[in-house]
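>>> Compute the structure for the input listed below.
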Amino acid sequence: MKRKKKSRIIMVMVIVLSMMISFTGCAKEKSEKKDGEIYLYYSDNDQTSLVTVIYQPENTSGIEAVREVINRMNETSTEPNTVTAKPEQVEINDLYLDDKILTIDFNLNYEDMGTVAELLCRSAIVLTVCQIEDVDCVNFTIEGQPLCNSQNEPIGNMAEADFIDHGKSDINSFTKTDIVLYFADSMGRTLVPVNCEGVCNQNTSVEKMIVESLVKGPKSGNYTRTLPSNIRVLSVITREGICYVNFDTGFLNEIPEVSAEIEIYSIVNSLSELSYINKVQISVNGSTNKKLRDEISLEFAFSRNLDVVTG
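Coordinates of the predicted model:
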């Protein structure tokens, strides 16, 4: 039963991204690598984004190259703010390569990772090994069973292109973007769509900009803020139509002057205005095993709700 429950909250996901994971650039700004070198993907110390370390593999193709780079990326790096993305207790039972599809089988401890940690781990591995010749995509299994998404459907093969950040912009450039934010009306009872303009750069995805704009609150007195002003947005990651928003504990402890339902769907509806987002998964410090004000469970992803919207 634990396995089934856990598989529902494993998101196939992370991690972009602001956590930000800028997939392709999926990590924070990369150094240039030379011919034959690859990027090893790690997590930063706060488990909010991926970072890269350049590595020259001895093997350049086939299963031996896969084993080499996975072993290397699971070793502690000497680079600052760089830790292994795969927790030590999550072990690889086996891996095999067939027709350019790499299958990696993990032990049951994989299911004990939080949403953000799982996303980082999966993203780091896929992005690393897909640089190897003969590896086009990666399939994850747990004790021989397919890794599943929130609908308990097998995730299947994952490729580097699956982790592209929709909000990525060029280095040192800033992009103005029209967004729609859902704030509460003046009475705080319903949501109202508000057309706004936001600015994002290479370190901020459109998704994270939207959530941080909600935290900042409305500029007009005609609307009521829906999120506490002093909460931290730890990460915002988009994968396969699901946007993963990770807050600090202030999301649970600080209560705005609106209902829990209005608070949740202010986030969900605002992000769902982006064409590539179908659902939103909210977590607190990487955990979805929480309830907002003891009313709304965060275990499952939320879909847009227009029943709470006026205007």
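>>> list the contacts for residue 67?
residue 95 (CB atoms under 8 Å, 6 or more residues apart in numbering). (Each C-beta comes from the backbone N, C-alpha and C, glycine too.)
>>> One more: residue 142?
So residue 142 contacts 105, 106, 107, 108, 110, 111 (CB under 8 Å, 6+ apart).
>>> Tell me where the model's unsure across the stretch 151-300 of the chain.
151, 163-176, 199-204 (pLDDT under 70).
>>> quick one: the strands in it?
Here the stretch 151-300 of the chain has its strands, by DSSP state E, counting those that start in this stretch, at 175-184, 191-200, 233-239, 242-247, 279-284, 291-292, 296-297.
>>> Would you convert the ones you listed into CSV that also reports distance to residue 217 and mean neighbour count?
Converted to CSV, the strands of the stretch 151-300 of the chain look like this (distance: least, CB to CB, whole Å; neighbours: other CB atoms under 10 Å):
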stretch, distance to residue 217, mean neighbour count
strand 175-184, 8, 19
strand 191-200, 11, 17
strand 233-239, 14, 28
strand 242-247, 16, 26
strand 279-284, 19, 23
strand 291-292, 19, 14
strand 296-297, 21, 14
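>>> Now the element after the helix or strand containing residue 128, going C-ward?
Residue 128 belongs to helix 115-129 when elements are defined using DSSP states H and E. Downstream of helix 115-129, the next assigned helix or strand under DSSP H and E is strand 137-142.
>>> Show the average pLDDT along that next one.
Here strand 137-142 scores 96 as its mean pLDDT.
>>> Show me the one of the strands of the stretch 151-300 of the chain that comes nearest residue 122.
strand 233-239 (9.0 Å; CB to CB).
>>> What strands flank that closest one, and is each parallel or antiparallel?
strand 242-247 (antiparallel) (DSSP bridges).
>>> Need the CA coordinates for the strand it pairs with. CSV is fine.
Provided in CSV are the C-alpha atoms of strand 242-247 (Å, rounded to 0.1, in the frame of the first residue of the first chain):
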residue,chain,number,x,y,z
ILE,A,242,3.0,19.8,-14.3
CYS,A,243,4.5,22.8,-12.5
TYR,A,244,6.1,21.9,-9.1
VAL,A,245,6.1,24.8,-6.6
ASN,A,246,8.1,24.4,-3.4
PHE,A,247,7.6,26.8,-0.5
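>>> Work out the gap between that strand and the centre of the chain.
Offset of strand 242-247 from its chain centre (CA atoms, centre = their mean, to the nearest Å): 6 Å.
>>> who touches residue 82 in this structure?
Taking CB under 8 Å, 6+ apart as the test, what residue 82 contacts is 42, 43, 44, 45, 51, 53.
>>> Quick check: which element contains the fifth one?
Read it as residue 51. Applying DSSP H and E, one finds residue 51 within strand 50-55.
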